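**Student:** my questions concern the predicted model and sequence given below.
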Amino acid sequence: MMCAHTPVSRQRLPDDMRPISPYPGYIRLGSHIFAGVLIVLFLFPFLDLGEREKRLVRWARRLMAVVGVRVETRGRPPSVRSGGALIVANHVSWLDIYVIHSQLPARFISKAEVRNWPVVGWLADKAGRTLFLERTRKADAKRMNDEMAAHLRNGDCLALFPEGTTSDGRGLLPFYTSLFQPAVDAEITVWPARIRYLDAAGQYNSAAAYYGEMTMLSSLRTILQAGPFVAEIEFLPTISARGLDRRQLAAQAEAAIRAAWAGDAPDSRSGSADRLPVEAH
């Protein structure tokens, strides 16, 4: 099962885009999140898993439209029912999760603190079926590895940001290797993916970047004021975990995403790190 590296045609956004007031966007976003809460509370109990996943994808696509981001896809994402798969992507923004969810209902690996975030954490748990890792407890790594491997063997599609933190979106940080072990144990397919945010001319756009000392509120304000822009996700050729150790697998996935930048990230650093992610939005 290989991922086709196919071209995409880009529809140009209007040339007269200007920063706009974020307040109408806040209202639209709040209404959309509230609708999501109602769906999970009152509709999900009566739906099977397949229907819940369809609702999740539909909700994520609508969310991207609400915040003024158009998602463009290159390559072919894993099929929901193609068997266990692990998506590994670079990490730029909290939007990355919804960019991927707009394509398929992957289950994310996240720091446990997210579970306690108001509304968002609850939705991640109940709708996204996120797997939460206690980063401060080294012993939790084995539990997470065992849980991930079981889900992969069961045919689930999981998603991981192996940089362990967000960047400014200009390049790639070194990968942490520890959470690649479940893919090795389950001998499944890894799908590297490159995410970047672009303006109307197809050039780097910093609006979505969520890193350093930024807060969620300041990030959201920047996104809503930026006007329409593009989130591009590129699914790269797949990598079989069979016969590889976690360091080799992480190195191949990192190299694939780094190569996709085609020399466009001169300040990105190479070299996978053999430890658990400790800083992640």
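**Tutor:** Perfect, thanks for sending it.

**Student:** confirm for me that residue 208 is in contact with residue 169.
**Tutor:** Yes: using CB atoms under 8 Å, residue 208 makes contact with residue 169 at a distance of 6.9 Å. For every residue, glycine as well, the C-beta is placed using N, CA and C.

**Student:** quick check: neighbours shared by those two?
**Tutor:** Residues within reach of residue 208 and of residue 169 at once, by CB atoms under 8 Å, 6 or more residues apart in numbering, are 92, 93, 197.

**Student:** residue 47: which of those residues is nearest?
**Tutor:** If you rank the shared contacts of residue 208 and residue 169 by distance to residue 47 using CB to CB, residue 93 comes first, at 29.2 Å.

**Student:** still on that earlier bit, give me the subset of the shared contacts of residue 208 and residue 169 lying in strands.
**Tutor:** Cross-referencing the shared contacts of residue 208 and residue 169 against strands under DSSP state E gives residue 197.

**Student:** so where is the stretch 1-150 of the chain shaky, pLDDT-wise?
**Tutor:** The stretch 1-150 of the chain contains residues with pLDDT under 70 at 1-20, 80-82.

**Student:** residues contacting residue 52?
**Tutor:** So residue 52 contacts 44, 105, 127 (CB under 8 Å, 6+ apart).

**Student:** would you map the helices across the stretch 101-250 of the chain?
**Tutor:** 120-126, 140-153, 181-186, 216-226, 246-260 (DSSP state H, counting those that start in this stretch).

**Student:** ok and the longest one relative to helix 140-153, angle-wise?
**Tutor:** Relative orientation of helix 246-260 and helix 140-153, computed by axes from the mean of the first three to the mean of the last three CA atoms, to 10 degrees: 70 degrees.

**Student:** so what touches helix 246-260?
**Tutor:** In contact with helix 246-260 (CB under 8 Å, 6+ apart) are residues 88-90, 162, 172, 174-178, 180-181, 183-184, 190, 192-194, 234, 236-237, 239, 241, 244, 265, 268, 270, 272, 274.
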